[in-house]
Each structure stands twice: as C-alpha cells, then as structure tokens.
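Student: pasted the sequence and its predicted model underneath.
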Amino acid sequence: MRAKAAIVLLLVASVLSAKGYKNYIKEAKQLEKQGMYQDALEMYRKAVNSADIPKKDKFEALLDMADISLDKLNQPDSALKYVLEAKSLFSDNYSRMDEVYYRLGVIYEAMGKYVDAAKSYEKVATRYRNSKYYEDALDGVERCFKKNFKEYVAIVDGKPITKLEFDEQLENLPPFVRKRYETPEGKRELLNLMIEKRLMVEEAEAKKLYLKSKVRKQIEDARARILQRALYEEEVKNKVKVSDDEVKKYYNEHKDEFKVPGTADVRRIVVKDKKLAEKILEELKKGAPFDSLARKYSVTPDASKGGLIMGITSKARPKELAKWAFKLKVGEISGVIPLKNGEYMILKVEKRRPPRVKSLKEVRLLIVNKLKRQKERELWNKFKKDLYKRHEVKILLPQQDTTKVNEKKG
C-alpha cells in the first residue's frame, strides 16, 4: 500500500510540476505582449528551472529569453548566455539547431565580435541548407566579412569604417547623386557624412535619448513598419507564384485588354489663310516636296519636322486630323481641309498600321505582375483574417447606429 501511495504522490507531483512550468510560460508570454519584459524573463526563468520541464520546452523558452534580452532590452551578453544554454541541451543534429547558430551570429554581431558572428552564420549556410535562415545567414557572412576587412578608411572611437563599407555606401547612391561623390573631394565629403552619422548616433545613445517618450514612439513606429514589410514578404510575397498555364489562361480570356488600335504616320501643313492653302496645294500637285513646304509655311509646332506626326489614332485631335488620317490612302494628299479654329490643313498619309492584339510574349510580364498583385492581395487578406482567429481580439469601440444614419439620409 505504501509503495502504491508513493507512486501516486510522485505522479501527482509530476502533473503539478508540468502544470506549473506551462503556467509560467503562458504568463511570460502575456507579460511579453504587455511590454513587461523583465517580468516576462522572471517567469521564463521559473519555467526553465522547473524540475520536470521537457528539454524541447526548455529549449524554446531559452530562445524566447534570448530574443527578449537582445531585441527588447539590448542586453546581448544575457542573450548569449541563454542561447548557449539552449545549445547545450541538444546535439548539432537537432532539427532546430539552425535557429541557435543563427541567433549566435546575430548576438556576436551586435557585440562587435564579427569573426565569431561570421563563423556562426557560416555554420547555418553550410550545414543547414534547408533552414529558413539560409539566405539571411549568407547575408550575415558577407556583412561580417566587410566588418573584418582590414583596409580601413577611418576609425571612430576604435571602431573602423572599412573600404568595403565605404564603397558599398557609394554604390548604393542614386546614379545622379553618385557622380558628385566619385571625385577625391566628393569621397572625402561622403566619408565625413558617414563619420558624422556614427558620431551623432553614438552621442545620442550616450545621452540615452532612446529612453525619451517621443523617441521611443518613433523607434517603435519605424520598427513596426519594418516588421510589417518583413512579414508581408515572408508570408505573402515569397509564397506567391504564377505559372505559365495561369498566364496563358489569362491572356486567352482577356485579349480585349491587349488590343492595339490602328495608327497612322502623317504629314500636315496648317495655315491661317485659305488662299495660301490653295496655293500650297497647287505646288504639291506640281511635285513640290511636302516636308519642305511644311517647314516653310505651316504654323504648327511639328513644322520643324516637315509636319510629321507619328502614331496617331482615331481619337487624335483635331477631329479632322483623325478622320482624314484613316480615310486617305497611303501616299495620298488631301485637299484643303477647313478646321474649326478657322485654320486650313493639307494632309498626307505616310504610313498606316492596322489594329492588332499584342502577342503573349509582349504582355507576359504585365500579366505575371497583375496576377501576382491579385494573389498577394487575396493571400494577405486571408492571412490577416487568420491572425484575428488565432489571437484574442476585443473591439471596445461602439458600433455606429446605422438606423439613425439611414433616417438622416432619408
């Protein structure tokens, strides 16, 4: 009987212990959502110190603690301690070990230990090629290489600005701006701007301006925008694909969108006097070059081009121009055409192109982009609806009384 009682007590203790660590984690996550990060860390500590917490749950809790320490409290030393403890729980073959090494890279980089950071990123890129952090790890390796590059252009408080960083800054400038900074004097000016930026940021951090309410609000707003963009790319943009079959289907079902109207290239001579127009027409009939007479007599801006207007459609203005451009034969010269503004026009059709439908090759990219936007919009809306379902959302703003609104309209 005593043995049975002891077993029962052990089972009860185990259940209570398991229930306890789960409650600690649940409370920690709530505190984290409320921005109470130190309190959240304390709850996580109680959870990871629970005797019977499974290794997988302890591993995840330690990573959460590291993320809070680094991202919310700017304490990379503490973050490093938690990640290394998580790393000690499993071998490198564990399915989530890529997350450990990637975090190590981020933490070492934040601490200025670029060699260690590069090694951690490299581990992700070489050993865990299916990791969701694979591309980010490659970027991290390149970034740390630039930091470790020994050819410096300046050193500010012991921290170098490498030539690679400087060259990248120059390369990222818009072409019309870059030209200004490619001269020796311009490069010195650009370097001074980079130094000033670093000095001002360090001075602001030394004065702890990030603690000011207004500054914190601006940082949080900027962070929220950046994270929203990153979430959109992760959950929507990177997932949307458009197949060749979808492109062909859209093209065949929407050919009206790709119709190109008929166009014509014409030459015109426009003058203000009817008798002058008739005189010009006689010269044309005798074989005088149309473009020469246009340059000599026409009052329109295209006179300098011999009266040439290219690619007009049936909707061109004035209406008389569009009408006769598609009525005359190619090479034919019109008579004197009176215009509504009191001027007189003589027209010659140089070339005409019939209406057509653009080929699939011509519009493929247009269709792909259109279908992508449509799919992204649908997927994003679905993702946002799913977020509402997965989280507890209470809307306390009172709804508008639609009956009163309708009565006012009536």
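Tutor: On my side now, so go ahead. Numbering: from 1, shown residues only.

Student: give me the element the closest residue to Val156 other than its chain neighbours is part of.
Tutor: Spatial nearest neighbour of Val156, excluding adjacent residues (C-beta to C-beta, 6 or more residues apart in numbering): Arg198 at 5.2 Å. (Glycine included, C-beta is placed from N, CA and C.) Using DSSP states H and E, Arg198 maps to helix 184-206.

Student: who touches that helix?
Tutor: Defining contact as C-beta atoms under 8 Å, 6 or more residues apart in numbering, one finds that helix 184-206 is touched by 153-154, 156-157, 159, 161, 165-166, 169-170, 180-181, 210.

Student: for those residues, could you give me TSV that also reports secondary structure?
Tutor: Shown next, in TSV, are those (DSSP: H, G, I helix; E, B strand; the rest coil):
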residue	secondary structure
Val153	strand
Ala154	strand
Val156	strand
Asp157	coil
Lys159	strand
Ile161	strand
Glu165	helix
Phe166	helix
Gln169	helix
Leu170	helix
Arg180	helix
Tyr181	helix
Tyr210	helix
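
Student: tell me where the stretch 201-350 of the chain has helices.
Tutor: Counting by DSSP state H, counting those that start in this stretch, the stretch 201-350 of the chain has helices at residues 213-232, 244-253, 274-285, 290-297, 319-325.

Student: the stretch 1-150 of the chain too?
Tutor: Counting by DSSP H, counting those that start in this stretch, the stretch 1-150 of the chain has helices at residues 2-33, 37-48, 55-67, 76-87, 97-110, 114-127, 134-148.

Student: now the last one: buried residues?
Tutor: Residues of helix 134-148 classed as buried under the neighbour-count rule (16 or more other C-beta atoms under 10 Å) are 134, 136-137, 140-141, 143-144, 146-147.

Student: so Ile280 makes contact with Met345?
Tutor: No - in this structure Ile280 lies outside contact range of Met345 using C-beta atoms under 8 Å: 10.5 Å.

Student: which neighbours do those two have in common?
Tutor: Ile269.

Student: can you give me the distance of Gln374 to Ala277?
Tutor: Counting by C-beta to C-beta, to the nearest Å, the gap from Gln374 to Ala277 is 54 Å.

Student: ok so, going back, so which one among the contacts of helix 184-206 has the lowest pLDDT?
Tutor: Looking at the contacts of helix 184-206 by pLDDT, the weakest one is Lys159, with 84.

Student: list the contacts for it?
Tutor: Contacts of Lys159 by C-beta under 8 Å, 6+ apart are 112, 198.

Student: so how far is Lys146 from it?
Tutor: Distance from Lys159 to Lys146, by C-beta to C-beta: 13 Å.

Student: quick one: contacts of stretch 264-277?
Tutor: 280, 290-291, 293-294, 297-300, 302, 306-312, 321, 325-326, 336, 338-339, 342-353.

Student: out of those residues, which end up buried?
Tutor: 280, 290-291, 293-294, 297-298, 300, 302, 306-309, 312, 321, 325-326, 336, 343-350.

Student: quick one: distance of stretch 295-302 to the chain centre.
Tutor: 49 Å (C-alpha atoms, centre = their mean, to the nearest Å).

Student: looking at it now, give me its mean pLDDT.
Tutor: If you average the per-residue pLDDT over stretch 295-302, you get 96.

Student: quote the end-to-end distance of it.
Tutor: Chord length of stretch 295-302, first to last residue, is 8 Å (C-alpha to C-alpha, to the nearest Å).

Student: any chance you could list what contacts that stretch?
Tutor: 268-272, 276, 280, 294, 303-304, 306-309, 343.

Student: one step back: among the contacts of stretch 264-277, which lie within strands?
Tutor: Of the positions in these, 308-312, 338, 344-353 sit in strands, assigned by DSSP state E.

Student: nearest to Ala230, of those residues?
Tutor: Of all the ones in strands among the contacts of stretch 264-277, Gly311 has the smallest distance to Ala230: 44.3 Å, by C-beta to C-beta.

Student: that closest one - nearest residue in space that isn't next to it in sequence?
Tutor: Using C-beta to C-beta, 6+ apart, the closest residue to Gly311 is Thr263 (4.6 Å).

Student: does the one you found touch Glu350 like I think?
Tutor: No - the criterion here is C-beta under 8 Å, and Thr263 misses it with Glu350 at 11.4 Å.

Student: now for the two: what residues contact both?
Tutor: Counting by C-beta under 8 Å, 6+ apart, nothing touches both Thr263 and Glu350.

Student: just give me the neighbour total for Ala322.
Tutor: 17 (other C-beta atoms under 10 Å).

Student: ok, it - contacts?
Tutor: 312-316.
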